[in-house]
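Q: build me a structure from this.
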Amino acid sequence: MQHFFTAPEDITDHDIYIRGDDYNHIRNVLRMKKGEVISVSDGVSGNEYRCHIEGYSEDAVHCRLDFIKEADTELPVRVYLFQSLPKSDKMEFIIQKSVELGVSDIIPVRSKRCIVNLTGKKALAKVERWNSISEAAAKQSNRNTVPVVHEIMDFKEAAAFAGACDIRIIPYELAEDFDRTRKIMDSVRPGCALALFIGPEGGFAEEEIAAAEEAGICPVTLGHRILRTETAAMVVLSWLVYRLEK
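A: The predicted model follows:
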């Protein structure tokens with residue numbers, strides 16, 4: 001079944017309207033006919049709306065609501081991924097895969113050892129593209145919400161932003177004691193908010209780790225091997241999927 005997103009204001013008690021790129025995709029690419037059943041989410045509430053196509057107007061697909069399916073595609077925890085800016089197109093891969101695994105928000109971070117430096121209009125354009133990738137990944141994985149890719153923050157701003165989270169961790173190659181990591185991960189419960197900081201290719205600088213600890217962000221090890229920046233978040237998210245999904 002095809003899955004699409006629309007704005008909350010385009011969903012009423014009985015009717016749903018799909019506009020923009022999805023309208024073009026449904027009408028001109030998929031060439032879907034009246035009566036075909038689709039799945040629609042508003043990207044915010046977490047509800048999945050099952051409906052069938054009633055017809056087309058000049059700018060919208062008109063659908064008739066059949067029923068609302070209880071949301072069951074979201075992780076029971078809210079995961080904020082603070083991802084240091086990686087080289088080339090790795091950020092696109094990280095966004096795509098972390099969305100598939102259930103991340104809630106993605107915050108790009110300028111850390112000391114980042115090679116990439118995005119500012120101004122270039123940064124805004126990148127964030128806009130990253131949000132498009134997040135939406136596409138949410139559709140592909142049949143999620144009912146679209147994770148937001150926030151504007152780029154520096155490390156200090158990111159640490160402050162994470163202050164509201166219940167659990168805050170920062171995988172670090174010099175951290176030890178895997179039992180400590182297990183205890184922290186085992187303390188994650190449904191309803192928690194988890195802040196996950198991932199370094200760039202060169203890792204976090206010692207002063208960033210010190211600043212993280214001062215802000216209540218706990219350095220942890222993810223095992224005996226050094227993971228790539230595009231791998232580390234997937235390990236943590238996979239762990240959460242294994243432990244928390246039923």
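Q: taking the mean pLDDT, what do you get for the helix of greatest length in the chain?
A: Criterion DSSP state H: the longest helix present in the chain is helix 120-140. For helix 120-140, mean pLDDT rounds to 94.
Q: now swap in stretch 192-201 and tell me
A: 97.
Q: next SSE after the longest helix of the chain?
A: For helix 120-140, the succeeding helix or strand toward the C-terminus, using DSSP states H and E, is strand 148-149.
Q: that next one: what's the following helix or strand?
A: From strand 148-149, the next helix or strand downstream (DSSP H and E) is strand 153-154.
Q: which residues touch the helix or strand following that following strand?
A: Counting by DSSP H and E, the next helix or strand C-terminal to strand 153-154 is helix 155-161. If you take Cβ atoms under 8 Å, 6 or more residues apart in numbering as the criterion, helix 155-161 is touched by 80, 82, 107, 109-112, 153, 197, 208, 211-212, 215, 217. Just so you know, the C-beta spots here come from the backbone N, C-alpha and C atoms, and that holds for glycine as well.
Q: which of the residues you listed fall within strands?
A: 80, 82, 107, 109, 110, 153, 197 (DSSP state E).
Q: before we move on, the earlier item: name only those of the contacts of helix 155-161 that count as buried.
A: 80, 82, 107, 109-112, 153, 197, 208, 212, 215, 217 (16 or more other Cβ atoms under 10 Å).
Q: picking that back up, tell me which of the contacts of helix 155-161 is nearest to residue 29?
A: residue 107 (32.7 Å; Cβ to Cβ).
Q: let me see the contact set for that closest one.
A: Contacts of residue 107 by Cβ under 8 Å, 6+ apart are 80, 81, 82, 83, 149, 150, 153, 158, 161.
Q: try it again with 7 Å
A: 80, 81, 82, 150, 153, 158, 161 (Cβ atoms under 7 Å, 6 or more residues apart in numbering).
Q: that one pairs with what?
A: Beta-bridge pairing for residue 107 (DSSP bridges): residue 82.
Q: against residue 45, how distant is it?
A: According to Cβ to Cβ, to the nearest Å, residue 107 stands 23 Å off from residue 45.
Q: tell me the phi and psi of residue 65?
A: phi -70, psi 130 (degrees, to the nearest 10).
Q: what about it, how many residues nearby?
A: Residues within reach of residue 65, counting by other Cβ atoms under 10 Å, total 16.
Q: do the same with the one 5 residues further on
A: Other residues near residue 70 come to 8 when the count uses other Cβ under 10 Å.
Q: over to residue 161?
A: The burial count for residue 161: 17, using other Cβ under 10 Å.
Q: go on, residue 189?
A: Neighbours of residue 189 (other Cβ under 10 Å): 12.
Q: please name the nearest non-neighbouring residue to it.
A: residue 77 (7.6 Å; Cβ to Cβ, 6 or more residues apart in numbering).
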